[in-house]
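S.K.: Any chance you can model this:
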Amino acid sequence: MNNLFWSKLTPLSRYGHFILDDVDPFCTHVSWVSVFWFIWARPNRYIPMAGKSRPMSQIKQLIRLHRENYPIKTIARHLSIGKNTVKSYLKKVTDLNLSLERILELEDPVLERMLRSGNPAYRDERFEYLKERLPYFEKELSRIGVNRRLLWEEYLVAHPQGYSYAQFCFHLKQLLVSRRDGSMILDHEPGDKLFIDFSGKKLGYIDHETGEIILCEIFVACLPYSNYCFAMAVPSQRSSDFLYALDCCLQFLGGVPRAIVPDNLKSAVIRTDRYEPEINRSMEDLANHYDTVVVPARPARPRDKSAVENHVKIIYTQVFARLRNRQFFDLPSLNLAIGECIERLNQTRMQDRNYCRQERFLSNELSSLRPLPRDRFSMKYYTTLKVGTNGHVHLKRDRHSYSVPYVHIGKQALVVYTERLVHIYIENVQVALHSRSFVANKYSTHPEHLASKHQQYGTRSPDYYIKRALDIHSDFHLLVVRVFGQSDRYPEQLYRTCEGLFRLHRSYGETFFKACEIALRNDMLSYKFLQRILENGMVEQQQEGADNKQLPQHENIRGASYYS
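M.R.: Alright, predicted model coming up:
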């Protein structure tokens, strides 16, 4: 049967296959099995294979044999390739319109590009339609909730004969990739920039009183030249916490880079702009304090600070993962553990490097950093307040008032305050400086800021009036001393009595001292008594009566000699 079967196989000249011719019905069933084995399962089966790319070295051998006038069959036999393949390459070589010597001088990649220019451009109408709509698809994918399946469904409504979902996603992906600009390698100099960012994920500690987990933001920074890294936990991304973390980072580095590159968070950049971003004033104060500049990354361009973006991923492995099973009960203990992980990271040998981050930083970069200033940075807060009629500005944040020289009452003042000091400026001139107080509903007053009458009023005391009277007259001084020494009245009343006595002195001059002598002699120390005798002219009458009065002369007068 086998001999009969193989004798009936007739080769197809065009395809190289065999067909079964004039086989009896009984042999037909067996023949299909044999044909299947012969065509698919038999080793070295006679099936035409798809065209296989030939190396250019072999093509050059083909060209050289052709130059030596070898026939096509001989070339095919020597190179073990088909005759049609030889003909195809010889046609392509002829179409180049170059001499064979010039073609043989070309480098292999150049010759391959010339001989294999690729297939013609894809001219399918569906592809052209998809290509035209690419900007729309790219824009829509950036919107919230829009995905590729939704776009495909809308695409089918407008183009019912369009691609399937799989083909739609494939072509859309290829087109989007072709629009990418790619990236470049940044060459960093020692001590040039410090990249800073916050991690997306958070660490936390447990509150002792409530048992609540308090989540904290993780501040990450690195020097791109040495990849020296720093990280710490802060309560939030507010300006105070952000700048405190950045200040701790600079103290950790022991120097200041020439530029700081933050992300476009509000604590660093008030308004983003590709060309002229508006920097937060507190961030500028820190940069000025440390003699550096702020160069924010471009909006939505994390590749501008790719070094710190990569370190955020490293922090997840080296810090988050290592601390995942540990519990902390306050922020300092959490930062202590983070610091230990960062120290370990900086001292670990880098992959494909013969040094660690700390070695490269200490040997090549630390000396390039600018020195730290003597004092650490204190965050400044700014507010504009009006000087009240009492000569003070009221800081609502602390509910505390601070004095300003009385000549500036009613003016607008710029108040710049830190954790320790309060600076008050009027017309760009500092007019007052106070230590910051956190006592609510109180006043911080410098006596020299008050008007003269207010200064006197504020400094009133018994010693103040006694000393003032001594500078005027001894009798007046004795009178004031006896006013404070022999009275149990409220001090405010005595102050008013003394003010009245000083007014009488200004009004009556020398006569007032005689009135003081009379008041002391009669132990009448009130303001009213002195006022009456001065207004009624009784001082002169008393003086005249004392001069005219003579003692009677009689024998009972003993005289001064009796007592000697």
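S.K.: C-terminal to the helix or strand in which Ser88 is found, what's the next element?
M.R.: According to DSSP states H and E, Ser88 maps onto helix 83-95. Counting by DSSP H and E, the next helix or strand C-terminal to helix 83-95 is helix 100-105.
S.K.: what's the offset of that following helix from the middle of its chain?
M.R.: Offset of helix 100-105 from its chain centre (Cα atoms, centre = their mean, to the nearest Å): 62 Å.
S.K.: Same question for that helix: list its buried residues.
M.R.: Residues Ile103 are the ones in helix 100-105 that count as buried (16 or more other Cβ atoms under 10 Å). Every C-beta, even on glycine, is put in place using the N, C-alpha and C of the backbone.
S.K.: now for the helix or strand that that helix is followed by, which elements pack on it?
M.R.: Using DSSP H and E, the helix or strand that follows helix 100-105 in sequence is helix 108-115. If contacts are counted by 3 or more Cβ pairs under 8 Å, 6 or more residues apart in numbering; DSSP states H and E, helix 108-115 sits against helix 56-67, helix 83-95.
S.K.: and of these, who's closest to Gly509?
M.R.: Closest to Gly509 of those is helix 56-67 (Cβ to Cβ; 125.2 Å).
S.K.: biggest helix in this structure by residues?
M.R.: Using DSSP state H, we find that the single longest helix of the chain is helix 491-508.
S.K.: For the next helix or strand after that helix, buried residues please.
M.R.: Using DSSP H and E, the next helix or strand after helix 491-508 towards the C-terminus is helix 510-521. Buried positions in helix 510-521, judged by neighbour count with 16+ other Cβ under 10 Å: 511-519.
S.K.: what's the offset of helix 510-521 from the middle of its chain?
M.R.: Counting by Cα atoms, centre = their mean, helix 510-521 is centred 77 Å from the centre of its parent chain.
S.K.: what's in contact with it?
M.R.: The contact list for helix 510-521 (Cβ atoms under 8 Å, 6 or more residues apart in numbering) reads 473, 475-476, 478-479, 482, 504-505, 508, 524-525, 529-530, 533-534, 538-539, 542-543.
S.K.: going on from that helix, what's the next piece of helix or strand?
M.R.: In N-to-C order, the element after helix 510-521 by DSSP H and E is helix 527-535.
S.K.: Who are the packing partners of that following helix?
M.R.: Here helix 527-535 touches helix 491-508, helix 510-521, helix 538-548, going by 3+ Cβ pairs under 8 Å, 6+ apart.
S.K.: packing partners for whichever strand in the chain runs longest?
M.R.: In the chain, taking DSSP state E as the definition, the longest strand is strand 213-223. If you count contacts as 3+ Cβ pairs under 8 Å, 6+ apart, strand 213-223 packs onto strand 193-198, strand 203-206, strand 228-234, helix 239-253, helix 306-315, helix 331-346.
S.K.: what is the rounded mean pLDDT of the shortest one?
M.R.: With pLDDT averaged residue by residue, strand 203-206 scores 92.
S.K.: that older thread, which one of the helices and strands packed on strand 213-223 lies closest to Lys87?
M.R.: For these, the distance to Lys87 is smallest for helix 306-315, at 53.0 Å, taking Cβ to Cβ.
S.K.: Of all the residues in that closest one, which ones are buried?
M.R.: Using 16+ other Cβ under 10 Å as the test for burial, helix 306-315 gives 306-309, 311-312, 315.
S.K.: Low-confidence ranges, the protein, go.
M.R.: By pLDDT under 70, the low-scoring segments of the chain are 1-52, 117-123, 178-187, 266, 270-278, 298-306, 451-460, 486-493, 540-564.
S.K.: repeat that with 80
M.R.: By pLDDT under 80, the low-scoring segments of the chain are 1-53, 116-124, 175-188, 263-280, 297-309, 352-353, 447-464, 484-496, 525, 537-564.
S.K.: ok, Glu517 to Glu510 distance?
M.R.: Distance of Glu517 to Glu510, given as Cβ to Cβ, to the nearest Å: 11 Å.
S.K.: Tell me the spatial nearest neighbour of Arg532, not counting adjacent residues.
M.R.: Spatial nearest neighbour of Arg532, chain neighbours left out: Met538 (7.5 Å); criterion: Cβ to Cβ, 6 or more residues apart in numbering.
S.K.: doesn't Leu530 make contact with that neighbour?
M.R.: No - using Cβ atoms under 8 Å, Met538 makes no contact with Leu530, being 10.3 Å away.
S.K.: of those two, who's got more company?
M.R.: Neighbours per residue (other Cβ atoms under 10 Å) separate Met538 from Leu530, with Leu530 holding more: 24 against 14.
S.K.: Do I have it right that the more buried one meets Leu504?
M.R.: Yes - between Leu530 and Leu504 there is a contact at 5.9 Å, judged by Cβ under 8 Å.
S.K.: wait, Thr418 sits on Ser378?
M.R.: Yes - with contact defined as Cβ under 8 Å, Thr418 counts as touching Ser378 (4.1 Å).
S.K.: re the thing from before, and the longest strand of the chain, which strands flank it?
M.R.: Strands adjacent to strand 213-223 in the sheet, as given by DSSP bridges, are strand 193-198 (antiparallel), strand 203-206 (antiparallel), strand 228-234 (antiparallel).
S.K.: buried sites along that strand?
M.R.: 214, 216-223.
S.K.: would you turn those residues into TSV with distance to Leu450?
M.R.: Below are the buried residues of strand 213-223 laid out as TSV (distance: Cβ to Cβ, whole Å):
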residue	distance to Leu450
Ile214	47
Cys216	47
Glu217	47
Ile218	51
Phe219	46
Val220	52
Ala221	49
Cys222	54
Leu223	54
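S.K.: now for the longest helix of the chain, which elements pack on it?
M.R.: Going by 3+ Cβ pairs under 8 Å, 6+ apart, helix 491-508 lies up against helix 462-470, helix 474-485, helix 510-521, helix 527-535.
S.K.: Now distance to Asp285 too, for these, in JSON lines please.
M.R.: Shown next, in JSON lines, are those (distance: least, Cβ to Cβ, whole Å):
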{"stretch": "helix 462-470", "distance to Asp285": "44"}
{"stretch": "helix 474-485", "distance to Asp285": "53"}
{"stretch": "helix 510-521", "distance to Asp285": "61"}
{"stretch": "helix 527-535", "distance to Asp285": "58"}
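S.K.: can you pull the contacts of the nearest residue to Cys498 once chain neighbours are set aside?
M.R.: By the measure of Cβ to Cβ, 6+ apart, the closest residue to Cys498 outside its immediate chain neighbours is Tyr465, 4.3 Å from it. Taking Cβ under 8 Å, 6+ apart as the criterion, Tyr465 is in contact with 480, 484, 495, 498.
S.K.: Show me which of these is closest to Val234.
M.R.: Distance to Val234 across these (Cβ to Cβ) is lowest for Tyr495, with 54.2 Å.
S.K.: Could you give the separation of stretch 188-200 from the chain centroid?
M.R.: Using Cα atoms, centre = their mean, the offset of stretch 188-200 from its chain centre is 11 Å.
S.K.: how long is it from one end to the other?
M.R.: Terminal residues of stretch 188-200 lie 25 Å apart, using Cα to Cα, to the nearest Å.
S.K.: and for that stretch, what are the contacting residues?
M.R.: Residues outside stretch 188-200 that contact it (Cβ under 8 Å, 6+ apart): 217-226, 237, 246, 249, 253, 255, 257-263, 265, 295, 305, 307-309, 312, 315-316, 364-365, 367-370.
S.K.: try stretch 153-164
M.R.: 126, 129-130, 133, 168, 171.
S.K.: Can you give me the buried ones in that stretch?
M.R.: The neighbour-count check on stretch 153-164 (16+ other Cβ under 10 Å) flags 155, 162-163 as buried.
S.K.: and the buried residues of helix 510-521, which two are the farthest apart?
M.R.: Among the buried residues of helix 510-521, Thr511 and Ala519 lie farthest apart (Cβ to Cβ), at 12.7 Å.
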